[in-house]
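Peer 1: the following block contains a protein sequence and its predicted model.
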Amino acid sequence: MKSQKVIDTITLDKYNRFSYELLDFTPGIYNFFDGHEVQFMIVQPNDSLLFRLNTIEFDESLVFTGRGARENNYLMNLFLETEQEEDEKKILTISQLDPIPFEEKLNKIRDEKLAKLAKFKAKNETTALFDSVAEANINYSYYSRKEFYPFANYRKSEFDIFNSLPNDFYNYRKEIDYNNELLEYYPPYSKFLRFHVTNIAFQNHMEHSEDKEYDKYSVDYNLDKLKIIDSIVTNNEFQKNMLLHYNLMHYIDISKTPEGYDELFNFYKERCTNKKWRRRAEKMVNVYKRLSPGLKVPGVTILDKNENELNLTSLISKPTVIYFWSAKSKIQIVSAHKRAAFLHNKYPEVDFFAINVDSISYFEQNSLLNHYGIKNRSNEYRFKFPKKSREVLSIRPISKVFLVDENKRIVNPKANMFNIRFEQELLGILNREYLQVHALN
């Protein structure tokens with residue numbers, strides 16, 4: 001793929017190999033996708049790249065050889081180094097420091113990477129394309145961490161952090177190109193822009209709002225985000241559409257009620273030129289209006305282990321957690337079932353139902369659960385019409401959970417079993433039910 005457009009799909013031969021030639025192509029950043037994971041590379045004239053990987057350790061196993069390999073291996077190692085810093089929570093740890101020591105630590109990380117890059121360029125004849133991409137990778141990762149710092153520091157409120165920042169903390173913003181076509185699909189750049197918009201919107205919101213703390217659910221704050229995107233991205237249609245779409249969909253995903261959907265969507269649809277994304281956003285708005293707290297959960301058709309057709313609502317007779325899993329998300333299969341078992345043991349008054357969202361048979365479903373050691377399968381189901389049901393219940397991401405009361409009414413259509421507040425939500429339903437029963441008696 002290039003610029004989010006599929007160039008071709010290539011099948012593996014009997015030796016698990018493939019070959020492909022790019023003719024009359026535009027040099028730049030390309031990516032390849034195996035159905036589960038995606039990775040980026042630069043392709044330039046006269047390159048002859050051979051790369052090897054396995055699908056278990058996709059990123060960690062990827063190695064390039066051939067003409068153009070050194071530069072791509074360098075970028076791959078840079079990606080892994082950045083990923084490791086985040087996996088080890090190194091950045092989160094230093095984000096708990098006060099602004100000046102945080103900046104000193106972060107500068108050291110960036111300077112070390114720039115020094116390595118300078119050493120690599122001294123030993124190898126690099127191209128202008130590589131230089132631009134490598135420097136952007138280092139710099140925009142650095143910028144992202146500075147933009148996210150006020151939200152990552154848990155020792156102080158976002159207001160206090162902003163008020164304590166040195167005046168030159170965000171000086172690099174003067175150099176930002178919001179319409180960079182080379183980087184428009186490149187993750188370090190896209191990630192920076194998302195954090196950047198969040199940060200600037202909050203700073204603007206602080207100036208005209210009476211809010212005393214950061215509220216990510218605020219309609220005004222999220223509208224500020226869309227207005228900022230509209231004002232700073234002027235010449236890059238894709239980048240503007242992408243940021244508008246991401247921020248609208250993010251609000252729809254996290255908001256607790258449909259309040260503000262119409263106001264945000266109306267602003268978005270007047271500025272987003274991608275018709276496909278506009279239709280998708282409108283569909284999501286309408287779906288979540290039907291999934292608002294207090295409304296009854298939709299009665300989609302599910303199948304049990306005996307292939308009996310059941311209405312989802314027929315399962316619900318007491319406080320219920322409905323969670324989902326897919327064969328495409330291996331980690332989630334184990335973690336979701338393990339978490340549900342733990343919570344059910346702790347709150348036996350609550351039912352937990354697991355629904356597979358794939359188009360698979362009971363045999364395939366059972367084999368997967370066997371493979372991952374899931375023992376308790378008394379409340380396992382699958383959709384009869386997977387695609388339609390996923391749309392009706394808006395199952396995105398797969399980790400989302402429905403929390404429903406004994407009257408089949410939605411309490412939270414976007415719950416998260418791993419969130420610290422989830423158990424508080426469970427207790428809230430149980431306490432409400434307890435009070436209702438005793439009031440009747």
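Peer 2: Right, received. Where do you want to start?
Peer 1: can you show me the helices along the stretch 301-441 of the chain?
Peer 2: Applying DSSP state H, counting those that start in this stretch to the stretch 301-441 of the chain gives helices spanning 330-346, 362-371, 386-392, 422-440.
Peer 1: make JSON lines from those helices and add distance to Leu129, mean neighbour count and mean pLDDT to it.
Peer 2: Just so you know, the C-beta spots here come from the backbone N, C-alpha and C atoms, and that holds for glycine as well. JSON lines is the format used below for these (distance: least, CB to CB, whole Å; neighbours: other CB atoms under 10 Å; pLDDT from 0 to 100):
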{"stretch": "helix 330-346", "distance to Leu129": "35", "mean neighbour count": "15", "mean pLDDT": "93"}
{"stretch": "helix 362-371", "distance to Leu129": "43", "mean neighbour count": "15", "mean pLDDT": "93"}
{"stretch": "helix 386-392", "distance to Leu129": "40", "mean neighbour count": "16", "mean pLDDT": "93"}
{"stretch": "helix 422-440", "distance to Leu129": "47", "mean neighbour count": "13", "mean pLDDT": "75"}
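Peer 1: so can I have JSON lines of the ones you listed showing distance to Met242?
Peer 2: Output for the helices of the stretch 301-441 of the chain, formatted as JSON lines (distance: least, CB to CB, whole Å):
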{"stretch": "helix 330-346", "distance to Met242": "26"}
{"stretch": "helix 362-371", "distance to Met242": "34"}
{"stretch": "helix 386-392", "distance to Met242": "22"}
{"stretch": "helix 422-440", "distance to Met242": "31"}
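Peer 1: and those helices: which comes nearest Phe169?
Peer 2: Closest approach to Phe169 among the helices of the stretch 301-441 of the chain (CB to CB): helix 422-440, 35.2 Å.
Peer 1: ok, now how distant is Gly35 from Phe58?
Peer 2: Distance, Gly35 to Phe58, by CB to CB, to the nearest Å: 11 Å.
Peer 1: more neighbours: these two, which one.
Peer 2: Remark: of Gly35 and Phe58, Phe58 carries more neighbours, 14 against 7, as counted by other CB atoms under 10 Å.
Peer 1: how about the contacts made by the more buried one?
Peer 2: Going by CB atoms under 8 Å, 6 or more residues apart in numbering, Phe58 touches 34, 36-37, 39.
Peer 1: looking at it now. What's its pLDDT?
Peer 2: In the prediction, the pLDDT value recorded for Phe58 is 88.
Peer 1: of the contacts of Phe58, the lowest pLDDT goes to which?
Peer 2: The member of those with the lowest pLDDT is His36, at 73.
Peer 1: number of nearby residues for that residue?
Peer 2: Residues near His36, counting by other CB under 10 Å: 10.
Peer 1: show me what contacts it?
Peer 2: Applying CB under 8 Å, 6+ apart to His36 gives the contacts 55, 58, 328.
Peer 1: nearest spatial neighbour of Lys191, skipping sequence neighbours?
Peer 2: Distance criterion CB to CB, 6 or more residues apart in numbering; nearest residue to Lys191, sequence neighbours excluded, is Ser144 at 5.4 Å.
Peer 1: which of the residues in the helix or strand that contains the one you found are buried?
Peer 2: Ser144 is part of helix 128-152, with elements assigned from DSSP states H and E. Neighbour counts using 16 or more other CB atoms under 10 Å place 129-130, 133-134, 136-152 of helix 128-152 among the buried residues.
Peer 1: so which residues of the stretch 1-150 of the chain form helices?
Peer 2: Going by DSSP H, counting those that start in this stretch, the stretch 1-150 of the chain shows helices at 58-61, 69-87, 90-94, 99-123, 128-152.
Peer 1: and the angle from the last one to helix 69-87?
Peer 2: With axes from the mean of the first three to the mean of the last three CA atoms, to 10 degrees as the basis, helix 128-152 and helix 69-87 are set at 0 degrees to each other.
Peer 1: and helix 128-152, what does it pack onto?
Peer 2: The elements that helix 128-152 packs onto, with contact taken as 3 or more CB pairs under 8 Å, 6 or more residues apart in numbering; DSSP states H and E, are strand 38-43, helix 69-87, helix 90-94, helix 99-123, helix 158-164, helix 187-208.
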